[in-house]
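Undergrad: Got a predicted model here, sequence first, then my questions.
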Amino acid sequence: MMEVPDNPTTWAQAPDSLTAWAQARLTEIETKLAFAEDLLDTLNQTVVRQQDQIDSLQQQLRLLNDRLKDARPDESRTLRDDIPPHY
């Protein structure tokens, strides 16, 4: 394996094979970065969509709870309401 120069002046004097290696490595890193950015955008869209669904479900649950309270306004709950039907 070829040794990588550690200072900029050595890079300028590097052989063409090293320059090609550096360019290939840079291209590989840029490609990985592009895929990571795309994945991050996709995950962000998923989180936003799921939060919208959660908000909608919470609103529906509130409405159903209100309807249930309206359907039984005068009834007060007793301990008998909590006993399973098989008792």
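TA: Yes, it's here.

Undergrad: CA only for contacts and neighbour counts going forward, please
TA: Noted.

Undergrad: Let me see the contact set for Q59.
TA: Q59 sits next to no residue when contact means C-alpha atoms under 8 Å, 6 or more residues apart in numbering.

Undergrad: so where do the helices sit in the chain?
TA: Ranges of helices in the chain, per DSSP state H, are 8-12, 16-71.

Undergrad: Confidence-wise, which of these is weakest overall?
TA: Among the helices of the chain, helix 8-12 carries the lowest mean pLDDT, at a mean of 61.

Undergrad: hmm, back to that, could you dump the helices of the chain to CSV with distance to P85?
TA: Formatted as CSV, the helices of the chain follow (distance: least, C-alpha to C-alpha, whole Å):
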stretch, distance to P85
helix 8-12, 82
helix 16-71, 20
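
Undergrad: Please name whichever of those is nearest to P84.
TA: helix 16-71 (19.7 Å; C-alpha to C-alpha).

Undergrad: what about the closest one, distance to the chain center?
TA: Relative to its chain's centre, helix 16-71 lies at 4 Å (C-alpha atoms, centre = their mean, to the nearest Å).

Undergrad: Give me the pLDDT value at I83.
TA: pLDDT, read off for I83, is 73.
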